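Asks: any chance you could fold what I've pasted below:
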Amino acid sequence: QADNAMQLQTSIYALFLFTALAATDPATCQVRLLRDIGPGSLPAFGKDTPVVSTGSHVYFVPQLEAARELWVTDGSPAGTRRLRGFEEPQDITAVGTRLYFSATETSTGRELWVTDGSDAGTRRVTDLSRGPTDSIHEIYAAHRGMLFFAAYSTVKNRRQMSFWRSDGSAVGTIRLAKRAFGTTSQRGRWKSVSLGEHLYFHSYKAREPGELWRTDGSARGTRRVYRLSAPWTSIRPEIAWKGRVWCSVVAPAAEIWTSDGSTAGTKRFRGGHVEETSWIPSEDGDLYFAFAPSGVGRADQLWRTDGSLAGTRVVSKQVFPAHGVGGSGNRILFAGKSSAQPQRSAELYSSDGSSLGTKRVSTQVQLAPASGIARVGHGSLVAFQGIQGKAQSLWLSDGSATGTRPAIHPSRIPDLQLKTWGLARAGEHFVV
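Replies: Predicted structure coming up:
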């Protein structure tokens, strides 16, 4: 115990194992050191460290010395190791039980790779631009066992960026459209949602009207759903809910639109601006979001909808969600910020859809600026990065004040600050 405590104190940049799969009480959860990835004081993790789960394995890309490496863990020390054979992995994306990513080799440049977590199952999918020229621009999304991405290829002796999909085989990697839909200058602006057999996404080009598209993974099934009328506009899919795609539209004022996948069924729902990270569906059927009904300024009110215009109403004008998760029934737990003082740190709130039922869960902890809220296990627990005084650590909550506490109490391991850069499931455990 003493040796393990000392190891926890000195291995700041390490991987921890968090057992809470079937737990409903924070007191029953356990956290232990899995592996020290960056020995000594060498930083390995930060708020931008990618962490992705395929269910049985967790993949992550720590920054070690001058290189980024792809690691995998099955939740055991022996099963935590680096995958080799490539350099500078990017855009790690889970598709079923496999992980896709782009990586470089001297002979091929940046191409598409796939792994099942083993050395034998780690391979390059194909070389779209023959030779050392980079092909992959950005991996976009996963949908129904397929990966969608933008890549360069040579068409009639001309280098061109297009929209592609892959099933993990060279034969199953096909071009869907001769345009990339994203942007050649900036990464991370792509947004898509899955609904039924289709992946919905937006196309935005400067000076042109925004467009909503969808694809079923075939070239023939990749088509435009709707095109706005005015230039410099955008229609961005945010969430699939109750059989429709809910979109944020700027045309030029902010509006909410919905689509059933047809041109005629793509319509304006109502005016107003929704904070894009704030959509929270509850288990009982209502959708919550941070909203500015005027369409301008900060979305600093908590609203809910049952999918009808008559059933869309304000819940609270005193607090608004930055992000959150659905709880049991119609309740949600969210990172709430004060409408009057939005610059203050977020705190954990719960809401049952009423003004009186929207309350701060605990006065003892604030959420760290980069913290998300993640559902853990099969019970009602959520996990988040909490700040109490000057100490940061992993916190757990069942939605009550008495059930909100740090995963490791400071008295057990003094000086430990467990900063959760990622939380992902590996079999019967979670890796943080």
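
Asks: for the rest of this, base every contact and every neighbour count on C-alpha atoms.
Replies: Will do.

Asks: surely I387 touches S393?
Replies: Yes: assessed by C-alpha atoms under 8 Å, I387 is found in contact with S393 at 6.7 Å.

Asks: now the helices for this protein?
Replies: 2-10 (DSSP state H).

Asks: for it, which spans come out with low pLDDT?
Replies: Applying pLDDT under 70 to the chain flags the ranges 1-31, 38-48, 64-66, 182-188, 328, 377-379, 408-432.

Asks: what is the neighbour count of the nearest residue to S371 once chain neighbours are set aside?
Replies: Nearest non-adjacent residue to S371, counting by C-alpha to C-alpha, 6 or more residues apart in numbering: Q385, 5.2 Å away. Residues within reach of Q385, counting by other C-alpha atoms under 10 Å, total 25.

Asks: ok, Q385 - contacts?
Replies: Going by C-alpha atoms under 8 Å, 6 or more residues apart in numbering, Q385 touches 367-368, 371-372, 392-395, 419-420.

Asks: need the max-distance pair from the residues you listed.
Replies: Spanning the widest gap among those are G372 and Q392, at 13.8 Å by C-alpha to C-alpha.

Asks: so how far is S118 from the spatially closest residue to T104 that is not a sequence neighbour?
Replies: Spatial nearest neighbour of T104, chain neighbours left out: R110 (4.2 Å); criterion: C-alpha to C-alpha, 6+ apart. As judged by C-alpha to C-alpha, to the nearest Å, R110 and S118 stand 21 Å apart.

Asks: of these two, give the one with the bigger neighbour count.
Replies: R110 (27 against 14).

Asks: give me the number of residues near K156?
Replies: Close neighbours of K156, defined as other C-alpha under 10 Å, add up to 7.

Asks: next one: phi and psi at it?
Replies: The phi and psi values for K156, taken as degrees, to the nearest 10, are phi 50, psi 50.

Asks: circling back: any chance of the contacts of Q385 in CSV, plus neighbour count and distance to A407?
Replies: Putting the contacts of Q385 into CSV (neighbours: other C-alpha atoms under 10 Å; distance: C-alpha to C-alpha, whole Å) gives the following:
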residue, neighbour count, distance to A407
L367, 22, 14
A368, 20, 15
S371, 20, 15
G372, 21, 16
Q392, 20, 11
S393, 23, 8
L394, 24, 6
W395, 23, 5
K419, 23, 11
T420, 25, 11
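
Asks: so which of those residues belong to strands?
Replies: Among the contacts of Q385, the residues falling in strands (DSSP state E) are 367, 392-395.

Asks: A240 reaches S194, doesn't it?
Replies: Yes: at 6.7 Å, A240 counts as touching S194 under the criterion of C-alpha under 8 Å.

Asks: give me the buried stretch members for stretch 189-209, please.
Replies: For stretch 189-209, burial by neighbour count (16 or more other C-alpha atoms under 10 Å) applies to 190-195, 198-204, 208-209.

Asks: again, but for stretch 104-118
Replies: Neighbour-count burial for stretch 104-118, with 16+ other C-alpha under 10 Å as criterion, is recorded at 104, 108-117.

Asks: which one of those residues sits closest to A346?
Replies: Of all the buried residues of stretch 104-118, A346 sits closest to G117, with 36.7 Å by C-alpha to C-alpha.

Asks: could you pull up phi and psi at that closest one?
Replies: phi 100, psi -10.

Asks: burial of the nearest residue to it once chain neighbours are set aside, as a residue count?
Replies: Nearest non-adjacent residue to G117, counting by C-alpha to C-alpha, 6+ apart: V72, 6.4 Å away. For V72, the neighbour count with other C-alpha under 10 Å is 22.

Asks: does V72 touch R84 like I think?
Replies: No: with contact defined as C-alpha under 8 Å, V72 does not count as touching R84 (10.9 Å).

Asks: how about the buried residues of stretch 189-209, which pair is most distant?
Replies: Farthest pair in the buried residues of stretch 189-209, by C-alpha to C-alpha: L195 and E208, 26.2 Å.
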